[in-house]
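**Q** model the following, please.
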Amino acid sequence: MTTQKPISKSPISDACVGQGGCWQYGSTSAAVFGSAGRFSKSQPPRRVAFSAPSSLSQRATGSLLHTGKEKDSETGYSYFGARYLEHDLMTGWLSVDPMADKYPSISPYAYCAWNPVKLVDPEGEETEEEVTKYYNYKGYLLYETNDGLDVIVLVRNERELESDLRRMKSNNQIDSPMENKKLHEKYGTLDYHQKKESGENNSFISDIWTLYYKLGYNDGYNKHNTLLKRIIYAFISSLNDDPIDSSPSDMNGGYSCGVEDGKRARELGEIHLFKPIFKSTREKLKL
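**A** The predicted model follows:
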């Protein structure tokens with residue numbers, strides 16, 4: 001059984017000071033008491049997720065409950081923006097999920113799809129899974145770790161990633177946020193690769209170049225007719241005789257480079273870097 005790193009720890013008044021505490025995991029809370037409470041020292045507690053009674057959770061987090069939302073004093077329920085939650089018994093939402101059509105197999109009244117340890121629902125509409133997903137450039141999911149980071153990583157060297165993940169798993173670190181962050185830096189997140197290819201991370205490349213690179217990439221990837229645009233941009237660039245203003249040449253150069261990179265990605269069967277559509281949710285790597 002894997003556990004997630006606590007987001008926060010708050011002492012619970014007199015009962016838990018010096019003996020335990022309240023750990024919050026995304027949308028749930030778990031209270032662990034000392035010998036005078038629920039668990040004895042002779043039987044070490046296992047971490048349990050539950051909805052704490054309102055008096056306990058209010059003492060632990062002030063006016064905010066285990067969900068991080070403030071209790072509505074008039075209704076007695078927690079208001080999430082889209083609907084109300086019955087927080088004391090954790091029975092679920094008091095109205096139908098506005099995103100119910102997207103999850104036909106789950107009750108429209110279910111809170112976090114009945115899995116509040118792994119999922120969060122910040123607005124009462126759609127659950128969010130805070131995990132790292134490792135994809136290859138063809139859009140297939142390689143592996144997913146429950147590290148609470150909510151990041152997409154693009155990987156070219158699948159064998160090297162498999163080796164890194166096996167090492168982490170053997171050391172019981174597969175869901176470690178710190179270890180996964182190292183892999184984020186090693187392979188690069190989706191956001192990193194987008195900015196790198198478009199020049200956003202390069203102080204020597206202008207915003208104009210970046211903008212037209214993305215336009216060219218999209219045209220090249222989607223087989224749009226680029227000939228006319230290339231002629232126009234090249235003509236505008238040739239008319240520019242201002243040595244200070246590089247906008248026309250940046251427009252022409254950025255678009256041309258983007259077209260070639262977009263074409264190459266399509267020919268290799270890779271995802272559209274700036275409008276990615278991931279093809280699979282089944283993990284390809286079996287550790």
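
**Q** what segments of the stretch 151-287 of the chain are strands?
**A** Along the stretch 151-287 of the chain, the segments classed as strands by DSSP state E, counting those that start in this stretch run 151-155.

**Q** how about low-confidence regions in it?
**A** Nowhere does the stretch 151-287 of the chain drop to pLDDT under 70.

**Q** ok, 80 please
**A** Regions of the stretch 151-287 of the chain meeting the criterion pLDDT under 80 cover residues 280-282.

**Q** please name the bridge partners of Ile152.
**A** Lys133 (DSSP bridges).

**Q** and it, how close does it get to Gly199?
**A** Ile152 sits 21 Å away from Gly199 when distances are taken as CB to CB, to the nearest Å. (C-beta placed from N, C-alpha, C; glycine too.)

**Q** more neighbours, these two?
**A** Gly199 (20 against 17; other CB atoms under 10 Å).

**Q** mind listing what that one touches?
**A** Applying CB atoms under 8 Å, 6 or more residues apart in numbering to Gly199 gives the contacts Ile205, Trp209, Thr210, Tyr213, Gly254.

**Q** let's go with 6 Å and repeat that
**A** Applying CB atoms under 6 Å, 6 or more residues apart in numbering, we find Gly199 in contact with Ile205, Trp209, Thr210.

**Q** same check on Asn146?
**A** Asn146 touches Val131, Asp175, counting by CB under 6 Å, 6+ apart.

**Q** next one: phi and psi at it?
**A** When read as degrees, to the nearest 10, the backbone of Asn146 gives phi -90, psi 70.

**Q** start to end distance for stretch 270-284?
**A** Taking CA to CA, to the nearest Å, stretch 270-284 runs 16 Å from one end to the other.

**Q** buried residues, that stretch. List them.
**A** The neighbour-count check on stretch 270-284 (16 or more other CB atoms under 10 Å) flags Glu270, Ile271, Leu273, Phe274, Pro276 as buried.

**Q** can you show me the helices along this protein?
**A** Assigned by DSSP state H, the chain shows helices spanning 13-16, 54-61, 158-170, 177-187, 190-198, 207-221, 227-239, 247-267.

**Q** just those helices: most buried one?
**A** Among the helices of the chain, the stretch with the highest mean neighbour count (mean count of other CB atoms under 10 Å) is helix 207-221, at a mean of 21.

**Q** what helices and strands are in contact with that one?
**A** Counting contacts by 3 or more CB pairs under 6 Å, 6 or more residues apart in numbering; DSSP states H and E, helix 207-221 packs against helix 190-198, helix 247-267.

**Q** model confidence score at Gly148, please.
**A** Predicted confidence (pLDDT) for Gly148: 87.

**Q** then Lys5?
**A** pLDDT, Lys5: 40.

**Q** equivalent analysis for Ala60, please.
**A** Reported pLDDT for Ala60: 44.

**Q** swap in the one 10 residues further on?
**A** Per-residue confidence at Glu70 stands at 67 (pLDDT).

**Q** dump the residue contacts of Ile271.
**A** Gly139.

**Q** phi, psi for it please.
**A** phi -70, psi 160.

**Q** go on, the one 5 residues further on?
**A** Dihedral pair for Pro276: phi -70, psi 140, per degrees, to the nearest 10.

**Q** how close does it get to Lys138?
**A** 11 Å.

**Q** again with Asp242
**A** 44 Å.

**Q** these two: which is more packed in?
**A** Each of Asp242 and Lys138 has its neighbours counted (other CB under 10 Å); Lys138 has more, 12 against 8.

**Q** that concludes my questions; thank you for your assistance.
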